[in-house]
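Q: fold the following, please.
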Amino acid sequence: MDAFTSFFDSQTSSRNRWNFESLKNFRQISPVVQNHLKLVYLTLCCTLIASAAGAYLHILWNIGGIVTLLGCLGCMIWVLATPHYEEKKRVSLLMAAGLLEGATLGPMIHLAIEINPSVLISAFGGTALAFGCFSAAAMLAKRREYLYLGGLVSSGLSMLLWLQFASSIFGGSAAMYKFELYFGLLIFVGYMVVDTQEMIEKAHNGDLDYVKHAMTLFSDFVAVFVRILIIMLKNSLEKNEKKKKRRD
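A: Residues are numbered from 1 along each chain as shown. So this is what the prediction gives:
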């Protein structure tokens, strides 16, 4: 009995020690890097607000399309090409990219509002929750612990692109489309973790380009949000069809 009690106590203390040590991992992040992270996530929030404004503008004036997509890509390339000391210009370009990205996603968001507005709220909430959890996991983990996943998720992304290319040429089934959707979601969730740790590591090495880092996280957020929204829309439509069949 005493042996069992001592074993239980040792296991409990080890769990408490693990939790305490995990929380102390934030101390591995220097004050300079912590300040950098604040700037990154503040810029990310502002970009998401600009994206929401872009989606609203599409609902009002139907401006979303290939032009806004090309404009978004152009603004992102412009951000990378602009020198770091032109900070205001780079931030303005990133906000413009967010606005155009939101307008590009406007048709999908408008469709979600027409079908079931709660799906849109749930998709955004789920994306924000996943983003927060996986970003926190990357920050709490040891430095460079998840960087090795970079090659894995890059290989997965390459595989996904080849699958989409093959589907566009030879045609794809519903099962293949569903696999691509969930597989893509898994890949970009992995990118959330890898990009967060890579951002922290670069900041430790002196790369404090918060605009570029915010743009990378914004791309991850949008990629996950789009896939979650599509999955939830498909499920909502299937439920509506089942309800109609039951009524008939």
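Q: all strands for this protein, in order.
A: Remark: strands of the chain are absent; assignment by DSSP state E.
Q: give me the below-cutoff pLDDT ranges for it.
A: Low-confidence segments of the chain, defined by pLDDT under 70: 1-28, 143-144, 248.
Q: what's near enough to touch the most centrally placed residue in it?
A: Against the mean C-alpha coordinate of the chain, by Cα atoms, centre = their mean, the closest residue is Phe221 at 2.3 Å. Counting by Cβ atoms under 8 Å, 6 or more residues apart in numbering, Phe221 makes contact with Leu44, Leu48, Thr127, Phe131, Met192. For every residue, glycine as well, the C-beta is placed using N, CA and C.
Q: ok, the second one - contacts?
A: Under the criterion of Cβ under 8 Å, 6+ apart, the neighbours of Leu48 are Gly98, Phe218, Phe221.
Q: and the last one, how far is that from Phe179?
A: Spelled out, it's Phe221. 23 Å (Cβ to Cβ, to the nearest Å).
Q: wait, isn't Met176 in contact with Leu160?
A: No - using Cβ atoms under 8 Å, Met176 is not in contact with Leu160, being 11.4 Å away.
Q: most neighbours, which of the contacts of Phe221?
A: Neighbour tally across the contacts of Phe221 (other Cβ atoms under 10 Å): the maximum, 24 neighbours, falls on Met192.
Q: these two touch, right, it and Val224?
A: Yes - counting by Cβ under 8 Å, Val224 is a contact partner of Met192 at 7.0 Å.
Q: which one among the contacts of Leu48 gets closest to Ala123?
A: If you rank the contacts of Leu48 by distance to Ala123 using Cβ to Cβ, Phe221 comes first, at 11.7 Å.
Q: now Ile59: how far from Pro107?
A: For Ile59, the distance to Pro107 - Cβ to Cβ - is 9 Å.
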